[in-house]
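[1] Need coordinates for the following:
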Amino acid sequence: MMNRRTFSATMIAGAGASLVATSGMAATPPTARARNVVLVHGLFADGSCWAEVIPRLQAAGLNVTAVQNPLTTLPEAVASAERVLDRQDGPTVLVGHSFSGMIVTEAGVHPNVSTLVYVAARAPDAGEDYTALAKTFPTPPASAGIVFHGDEGRLSEAAFLRDFAGDLPEVKAKVLYAVQQPFQKALLTGKTKHAAWRSKPSYYAVSTEDRTINPDLERFMAKRMGAKTIEVKAGHLALISHPDEISRLILEAAGQSA
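    Below is the predicted model of the structure:
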């Protein structure tokens, strides 16, 4: 088993993500070491997508909870995260992947949240039409692979394997496809009322090979929020393909040295 000393040494030795310039809130470290991390998943996934990151954070002594996002409406998704945040004892890092950046942006104003982390995630401003913002950048390939059955949407198998989980071994990608959680059309119409990143330190992991969210859109959102930013040479699922880099960023956001 990996003890905490071995884990820390491995994390230091395994640096693979490149840091880029920072500004704004991210230039100020968290005011207190966080003892908790709450992880939120996005579309085409469930809470198990954090399975590679969770043990790394637990090995560093953090209390970790993965939210099961219902993917129904934005208010219901935010409420699911807020219920978990209510149970946290002390400062908490709130982390979102992909669509759940909307949830982090809204629920991040919760008083237990000390720091925000976005992993290849949406990061809208308060009241912003994210779809309109995304259209100002080239459309990523995965968008063409969304299929609907009534109001229920999911990615086709071809798009999931090629564009969503393209840098994972096919066997693992097919398992993730099998547990893909469908989303409701109403979820995509929601707009955030708050932008927590305007008042709390924020961190962002850009996936440079992303085919689900345009990497330049990710860079734009990270720069706009003044986030401490890393770039990971990964597809959309960097949390699975590059868990060391993502875990290091979360540990930094929690006030722990790598």
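
[2] mind listing what's buried in the longest helix along the chain?
    What stands out as the longest helix in the chain, according to DSSP state H, is helix 74-86. Neighbour-count burial for helix 74-86, with 16 or more other C-beta atoms under 10 Å as criterion, is recorded at Leu74, Ala77, Val78, Ser80, Ala81, Glu82, Val84, Leu85. C-beta here means a position set from N, CA and C on the backbone, and glycine is covered the same way.

[3] now, among those residues, which is nearest to Asp216?
    Within the buried residues of helix 74-86, proximity to Asp216 (C-beta to C-beta) peaks at Leu74, which comes in at 24.6 Å.

[4] so what's the backbone phi/psi at the nearest residue to that closest one once chain neighbours are set aside?
    Counting by C-beta to C-beta, 6 or more residues apart in numbering, the nearest residue to Leu74 once its immediate chain neighbours are dropped is Gly190, at 2.6 Å. Main-chain torsions, Gly190, degrees, to the nearest 10: phi -70, psi 150.

[5] tell me, how many neighbours does Gly190 end up with?
    The burial metric for Gly190, expressed as a neighbour count using other C-beta atoms under 10 Å, is 18.

[6] so it touches Leu71, yeah?
    No. The criterion here is C-beta atoms under 8 Å, and Gly190 misses it with Leu71 at 11.3 Å.

[7] shared neighbours, these two?
    Common neighbours of Gly190 and Leu71, counting by C-beta atoms under 8 Å, 6 or more residues apart in numbering, are Ala77.

[8] ok, what's across the strand from the residue most central in space within the chain?
    Within the chain, one residue has its C-alpha closest to the average C-alpha position: by C-alpha atoms, centre = their mean, that is His97, at 2.1 Å. With DSSP bridges applied, His97 shows beta-bridge pairing to Val119.

[9] what sits up against the longest helix of the chain?
    Applying C-beta under 8 Å, 6+ apart, the set of residues contacting helix 74-86 from outside is 38, 40, 65, 67-71, 92, 94, 100, 102-104, 106-107, 110, 112-113, 187, 189-192.

[10] Quick check: phi and psi at Glu218.
    phi -60, psi -40.

[11] That one contacts Arg224, correct?
    No. In this structure, Glu218 is not within contact of Arg224 by C-beta under 8 Å, at 10.9 Å.

[12] Of these two, give the one with the bigger neighbour count.
    Taking Glu218 and Arg224 together and counting by other C-beta under 10 Å, Glu218 has the greater number of neighbours (26 against 13).

[13] what number of residues lie near the closest residue to that one other than its chain neighbours?
    What sits nearest to Glu218 in space, not counting adjacent residues and going by C-beta to C-beta, 6+ apart, is Val206, at 4.5 Å. A count of neighbours around Val206, defined by other C-beta under 10 Å, yields 27.

[14] Now Val206: which helix or strand?
    With elements delineated by DSSP states H and E, Val206 resides in strand 202-207, which encompasses its position.

[15] show me where pLDDT drops low in this protein?
    Under the criterion of pLDDT under 70, the regions of the chain flagged as low confidence span 1-32, 257-258.

[16] if I've got this straight, Leu39 is in a strand?
    Yes. Checked against DSSP: H, G, I helix; E, B strand; the rest coil, Leu39 lies within a strand.

[17] how about stretch 84-99: buried residues?
    Taking 16+ other C-beta under 10 Å as the neighbour-count basis, stretch 84-99 is seen to contain the buried residues Val84, Leu85, Gln88, Pro91, Thr92, Val93, Leu94, Val95, Gly96, His97, Ser98, Phe99.

[18] show me where the stretch 151-258 of the chain has strands.
    152-155, 183-184, 202-207, 228-232 (DSSP state E, counting those that start in this stretch).

[19] Which among those strands is found nearest to Pro140?
    Taking C-beta to C-beta as the criterion, strand 202-207 is the member of the strands of the stretch 151-258 of the chain that comes nearest to Pro140, at 10.7 Å.

[20] Bridged to the residue nearest to Glu218, which residues?
    Beta-bridge partners of Val206, counted by DSSP bridges, are Glu231.
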